[in-house]
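Build me a model:
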Amino acid sequence: MEGSIFSGFGNATQIDTRVMQTCQKSFIQVQDILDQNRLLINEINKNHESKIPDNLSRNVGLIRELNNNIRRVVNLYADLSSSFTKSMEDSSEAESDLKSDGKYSQKRIRSG
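Have a look, this model is predicted:
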């Protein structure tokens, strides 16, 4: 993965394909919402400049939609951050289970 944003992690910590797909899907969703927000903002600005009462009233709903979209983007980034952090923790945990000779250590499982 040379040259990618994840190349600094090296071989010891490999990014799971599933996590990469989740990242890509989330970024696509965020971009779609941001594109929609751009259109909403343009419409809000046109309505505001027109000073027509019906258009100004319509802006209330458009601004609510814009706020909801921003909330969705924040939630997507929060989910993405959690997913990435969990993946890094899981990778780190797997590395710590390795002995210096490259074999996995045996963990004792306590019953009950």
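
all helices of this protein, in order?
With DSSP state H as the criterion, the chain has helices at 17-50, 53-96.

Output the contacting helices and strands for the last one.
Packing contacts for helix 53-96, counted by 3 or more CB pairs under 8 Å, 6 or more residues apart in numbering; DSSP states H and E, involve helix 17-50. Yep, even glycine has a C-beta here, placed from its N, CA and C like the rest.

and the nearest residue to residue 50 once chain neighbours are set aside, how many residues sit next to it?
Distance criterion CB to CB, 6 or more residues apart in numbering; nearest residue to residue 50, sequence neighbours excluded, is residue 56 at 8.0 Å. Neighbour count for residue 56, taken as other CB atoms under 10 Å: 13.

so residue 56 touches residue 45, yeah?
No. The criterion here is CB atoms under 8 Å, and residue 56 misses it with residue 45 at 11.9 Å.

Relative to residue 81, how far out is the closest residue to residue 40 other than its chain neighbours?
Residue nearest to residue 40 in three dimensions, not counting chain neighbours: residue 66, with 4.9 Å by CB to CB, 6+ apart. Going from residue 66 to residue 81 by CB to CB, to the nearest Å gives 23 Å.

likewise residue 62?
29 Å.

now residue 43
31 Å.

Which one's more surrounded, the two?
Legend: neighbour count by other CB under 10 Å for residue 43 and residue 81, higher for residue 43 (16 against 11).

Not counting its neighbours along the chain, what's nearest that one?
residue 62 (6.0 Å).

what's near enough to touch that neighbour?
Contact analysis of residue 62 by CB atoms under 8 Å, 6 or more residues apart in numbering lists 40, 43, 44, 47.
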